[in-house]
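**Q** Sequence and computational prediction follow.
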Amino acid sequence: MNILVIGGAGYIGSHVTRAFLDKGHSVHVFDNLSSGLHQNFQKGAGFTHGDINFPDHLRHAMAQNGPFDAVIHLAAFKAAGESMIKPEKYSSNNLGGTINILNAMSEAGIKRIVFSSSAAVYGEPQYLPIDEKHPCNPENYYGFTKLEIERILGWYSKLRGLRFAALRYFNAAGYDIAGKISGLEQGSANLLPVIMDAAVGLRARIEIFGTDWPTPDGTGVRDYVHVSDLADAHVRGLEYIATKDKDLIVNLGSENGISVREIVDAARRISGKNFEVKESPRRAGDPAKLVASSAYAASVLGWKAKHSDVETLVRSTWDAYRRNGLG
């Protein structure tokens, strides 16, 4: 298939691009490079510099490089905290930009889209592990935009015959094990990049928020899924909607919780760096534990996280930092 990967120069997008290329698909990347990097360009993929907030950019890319069989949409802003301070920014890009994509697809006759959604659509867990039947009650505006996009996709499915796969990620982490992707995520507030920044001296310390949670070591537990596992799920998700002619909403997680302390300890061991750790009180709204059920992904996609153990997550990230001359 000929596939347009919107946001394909970013952290997750570059891994998704690589996965489709490795499966023999033709790939064209569309990215405004606000967080994507030239360093992430994958050999064999085309590239158009453009922005989803400008419909003409999308129309031009689809007309000049198509016809496309599918679109992969990874161009949303994703900082939950920022979304609560700048809802206008998230409304314009995440909601308005997605509508621009769908309208351009409709004009171009493209009938398939894989959307990177988020576990943020669920909000505070009512039970664990979280499955797709869990109530959706986002606690931040970012999560609201992801859920609203899923609803919009549902309407375009009904009204325009669009087929979509909405992939609800849990915590994306790690780097390409083969070492083909090294562009470091820009300005990330996620735990593993923050730890690595401390290990290489780009920040003074890391902060652990809460050491008295009801977990084995007292620190918060989260479900981390390796970015290469996520990329594989995009390929499988597109294959599903193309062959089954059905829409899909599915969780992507490892089903194994890893604590903050476990990641810190692994990072110290693998990097050989004894960076400073500050223990701080719990943050309001943080749950003690978040773990996914990926049973549905296993049953409909044959997908399972294969690289999402703590050793692979941390080592592949440390290797990416070293390839950038850090550490």
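**A** Arrived safely, thanks for sending.

**Q** quick one: contacts of the helix with the most length in the chain?
**A** Scanning the chain for the longest helix, with DSSP state H as the assignment, gives helix 141-160. Applying Cβ atoms under 8 Å, 6 or more residues apart in numbering, the external contacts of helix 141-160 come out as 76-80, 82-84, 87, 90-91, 94-95, 98-99, 102, 106, 113, 115, 117-118, 120-123, 136, 138, 162-164, 166, 247, 249. Using the backbone N, CA and C atoms, a C-beta is placed for each residue, glycine as well.

**Q** Please list only the buried members of the residues you listed.
**A** 76-80, 82-83, 90-91, 94-95, 98, 102, 113, 115, 117-118, 120-123, 136, 138, 162-164, 166, 247, 249 (16 or more other Cβ atoms under 10 Å).

**Q** need the next SSE after the lowest-mean-pLDDT helix or strand in the chain, C-terminal direction.
**A** When each helix and strand of the chain is scored by mean pLDDT, DSSP states H and E, helix 80-85 comes last, with a mean of 93. Using DSSP states H and E, the helix or strand that directly follows helix 80-85 along the chain is helix 87-90.

**Q** Mind giving me the packing neighbours of that following helix?
**A** In this structure, helix 87-90 packs against helix 80-85, helix 141-160, with contacts taken as 3 or more Cβ pairs under 8 Å, 6 or more residues apart in numbering; DSSP states H and E.

**Q** centre of the chain versus it, how much separation?
**A** Relative to its chain's centre, helix 87-90 lies at 19 Å (Cα atoms, centre = their mean, to the nearest Å).

**Q** Mean confidence (pLDDT) on the next helix or strand after it, please.
**A** The first helix or strand that comes after helix 87-90 along the chain, using DSSP H and E, is helix 97-108. Averaged across helix 97-108, pLDDT comes to 98.

**Q** Show me what helix 97-108 packs onto, helices and strands only.
**A** Helix 97-108 packs on helix 55-65, strand 70-73, strand 112-118, helix 141-160, going by 3+ Cβ pairs under 8 Å, 6+ apart.

**Q** Pick the most deeply packed of the helices and strands packed on helix 87-90.
**A** Comparing these by mean neighbour count (mean count of other Cβ atoms under 10 Å), helix 141-160 ranks first with a mean of 18.

**Q** following it, which helix or strand shows up next?
**A** strand 163-169.

**Q** what mean pLDDT would you report for that next one?
**A** On average, strand 163-169 scores 97.

**Q** Okay, now the sheet partners of that strand, with direction.
**A** strand 112-118 (parallel), strand 248-252 (parallel) (DSSP bridges).

**Q** chain center to it: distance?
**A** The chain centre lies 11 Å from the centre of strand 163-169; the measure is Cα atoms, centre = their mean.

**Q** How about stretch 196-213?
**A** How far stretch 196-213 lies from its chain's middle: 22 Å, per Cα atoms, centre = their mean.

**Q** just to revisit the earlier point, rank the helices and strands packed on helix 87-90 by pLDDT, which is bottom?
**A** Per-stretch mean pLDDT for the helices and strands packed on helix 87-90 is lowest at helix 80-85 (a mean of 93).

**Q** That one packs against which elements?
**A** Checked by 3+ Cβ pairs under 8 Å, 6+ apart, helix 80-85 has helix 87-90, helix 141-160 packed alongside it.

**Q** what's the closest of those helices to residue 23?
**A** Residue 23 lies closest to helix 141-160 among those, at 23.6 Å (Cβ to Cβ).

**Q** Next, the angle from that closest one to helix 97-108.
**A** Helix 141-160 runs at 20 degrees relative to helix 97-108, counting by axes from the mean of the first three to the mean of the last three Cα atoms, to 10 degrees.

**Q** Show me the shaky parts of this protein.
**A** In the prediction, the chain carries no residues with pLDDT under 70.

**Q** Helices of that one, start to end?
**A** According to DSSP H, the helices that the chain contains are 11-22, 55-65, 80-85, 87-90, 97-108, 141-160, 191-199, 227-244, 260-271, 295-301, 310-323.

**Q** could you dump the ones you listed to TSV with distance to residue 210?
**A** Below are the helices of the chain laid out as TSV (distance: least, Cβ to Cβ, whole Å):
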stretch	distance to residue 210
helix 11-22	27
helix 55-65	43
helix 80-85	17
helix 87-90	27
helix 97-108	34
helix 141-160	21
helix 191-199	13
helix 227-244	26
helix 260-271	8
helix 295-301	29
helix 310-323	19
